[in-house]
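Enquirer: fold the stuff below for me.
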Amino acid sequence: MYASPSVATALVIGGGIFGVSSAWHLARLGVPTTLINEGPLAGGASGRSLSWLNSARRRSSAYHRLRMAGIDRYRTLFARYPQAAWLRFDGGLTWDGDGGNEIAAIFAHERGLGYDAVHLRAEEVARLTPGVDARAIPPQGAIFNAGEGWVDLPLLIGHLARQFAEMGGTIVTDQGRASLLIEHGRTSGARAGDGTRHTADAVLIAAGADVPRIAAEVGFTIADSTPISLLLRTEAINHTLRAVLNTPRVAIRPTPDGAFVLDSAWSEEEVTPRGDGTYEVRESTIAGLLAEASRVLEGNPKLGLRDYGVGPKPIPGDGEPVLGALPNVEGCYVAFSHSGATLGLIAGELLAEEIATGRKHPLLQPFRPERFKPA
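Expert: Numbering: from 1, shown residues only. As a prediction, the model looks like this:
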């Protein structure tokens, strides 16, 4: 803990995992912090995330290191709360389809990084992780990553928010979309959508898919490739699957209450945005995703739909996280990334330290906003 933070007050815009984690860490460092959000906490992308904790497959070496640090922080949290139903490390299993199957190459890549990976034939999978229909696995086999896990982000966000409030932090929800307040080239806080002004010496924009809009309003462009996400939650079912499954047609993650959450690339492409900001989700898409999940689960159980979430999934234009200070507005920071679950704790920790001390952390250097040109 730092005895004398370099800022007197901080404001965090966004009630997802990046915002709540950063606010929690700022309060821990002794910075009086207010968090404001457009709607309820976890009401955006964090509330409809598969939340698979991993650094599987290929990405830049800097991104891999940051993700591994992110998993490490979840391991630390898991050691403190081993009975928490919202955080588990039961591994991840992934396989490709027959066309363009890269499993052998991915396995070699992961082993080259020292990532815990085992290449399995279909008949070997049950030995390491139960609950999978071996008939769904192609001849090229599957990779089991024992060090991977999952987190239920809304429950984690609630846990951190309660501790943040106990440390004296202030949370204000349902205030509408915020915009920055700028005076003489530096931020002085933000104006919420309902007109309320919140003043602070430093502001972190962690508003999910809304980050590029807020940055653009103050003259900075962040390349944005945000698509629409669709996450289905099934009714609770008695099943042996504990690992996260990442397969060609469906990804599956257990939940604390015995249900599964499901997503896929193809189902998201079938979502149609409406002119009023809502989305049309076809019944055939929901039925198809439930059927794909049943096909890869042992026993091919009938899965019922409990509910679903649909909306923007934050993804920067180059696929890499955007973390750190805006170069054209003093005192303003951003957090914008697809991998909110895996990076949630580490990004919040490092951003809070930068805000509190003014010292840049080397792990964030490759991901700073200045790689994009000002508008």
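Enquirer: would you state the strands of the stretch 151-300 of the chain in chain order?
Expert: 170-172, 179-183, 186-191, 197-199, 202-205, 228-234, 244-246, 251-254, 260-263, 272-273, 279-280 (DSSP state E, counting those that start in this stretch).
Enquirer: would you turn the ones you listed into CSV with mean pLDDT and distance to A56?
Expert: (Each C-beta comes from the backbone N, C-alpha and C, glycine too.) As requested, the strands of the stretch 151-300 of the chain are exported to CSV (pLDDT from 0 to 100; distance: least, Cβ to Cβ, whole Å):
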stretch, mean pLDDT, distance to A56
strand 170-172, 98, 34
strand 179-183, 95, 36
strand 186-191, 95, 37
strand 197-199, 96, 39
strand 202-205, 98, 29
strand 228-234, 97, 19
strand 244-246, 98, 7
strand 251-254, 98, 12
strand 260-263, 98, 16
strand 272-273, 95, 30
strand 279-280, 96, 29
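Enquirer: tell me which of those strands is the most buried.
Expert: When these are scored by mean count of other Cβ atoms under 10 Å, the highest mean neighbour count falls to strand 202-205 (a mean of 29).
Enquirer: closest one to E110 among the strands of the stretch 151-300 of the chain?
Expert: Checking those against E110 by Cβ to Cβ gives strand 244-246 as the closest, at 13.2 Å.
Enquirer: from one end of stretch 333-343 to the other, what's the distance?
Expert: 16 Å (Cα to Cα, to the nearest Å).
Enquirer: low-confidence ranges in the stretch 101-250 of the chain?
Expert: Along the stretch 101-250 of the chain, the model assigns pLDDT under 70 to no residue.
Enquirer: buried ones in stretch 159-175?
Expert: Within stretch 159-175, the residues that count as buried by 16 or more other Cβ atoms under 10 Å are 159-161, 164, 169, 171, 175.
Enquirer: CA atoms only: put it into CSV for me.
Expert: Provided in CSV are the C-alpha atoms of stretch 159-175 (Å, rounded to 0.1, in the frame of the first residue of the first chain):
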residue,chain,number,x,y,z
HIS,A,159,-18.1,-9.4,-4.0
LEU,A,160,-15.6,-6.7,-4.9
ALA,A,161,-18.2,-4.0,-4.8
ARG,A,162,-19.2,-4.9,-1.2
GLN,A,163,-15.5,-4.7,-0.1
PHE,A,164,-15.1,-1.4,-2.0
ALA,A,165,-18.0,0.1,-0.1
GLU,A,166,-16.6,-1.2,3.2
MET,A,167,-13.3,0.7,2.4
GLY,A,168,-15.3,3.9,2.0
GLY,A,169,-15.8,3.8,-1.8
THR,A,170,-18.9,5.3,-3.4
ILE,A,171,-21.0,3.5,-6.0
VAL,A,172,-23.7,5.3,-8.0
THR,A,173,-25.6,3.3,-10.5
ASP,A,174,-28.4,3.9,-13.1
GLN,A,175,-27.0,7.4,-14.1
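Enquirer: show me the helices in the stretch 201-350 of the chain, by range?
Expert: 211-217, 265-269, 283-296, 340-357 (DSSP state H, counting those that start in this stretch).
Enquirer: hey, which of those is tucked in deepest?
Expert: Most buried of the helices of the stretch 201-350 of the chain by mean neighbour count (mean count of other Cβ under 10 Å) is helix 340-357; its value is a mean of 24.
Enquirer: separation between R135 and S21?
Expert: For R135, the distance to S21 (Cβ to Cβ, to the nearest Å) stands at 41 Å.
Enquirer: higher neighbour count, those two?
Expert: S21 (28 against 10; other Cβ atoms under 10 Å).
Enquirer: looking at this, that one is in a strand?
Expert: No - going by DSSP: H, G, I helix; E, B strand; the rest coil, the assignment for S21 is helix, not a strand.
Enquirer: domains in this protein, by residue range?
Expert: Domain ranges of the chain: 10-47+153-223+317-371, 85-149+226-312, per automatic domain parsing.
Enquirer: now those domains as CSV including distance to R59?
Expert: Below are the domains of the chain laid out as CSV (distance: least, Cβ to Cβ, whole Å):
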stretch, distance to R59
domain 10-47+153-223+317-371, 8
domain 85-149+226-312, 10
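Enquirer: and the spatially closest residue to G43 that is not a sequence neighbour, what pLDDT?
Expert: Distances taken as Cβ to Cβ, 6 or more residues apart in numbering put G15 closest to G43, at 6.8 Å, once the chain neighbours are dropped. Note for G15: predicted pLDDT of 97.
Enquirer: and the gap between G15 and T173?
Expert: 6 Å.
Enquirer: V132 is in contact with V296, isn't it?
Expert: Yes - using Cβ atoms under 8 Å, V132 is in contact with V296, at 6.5 Å.
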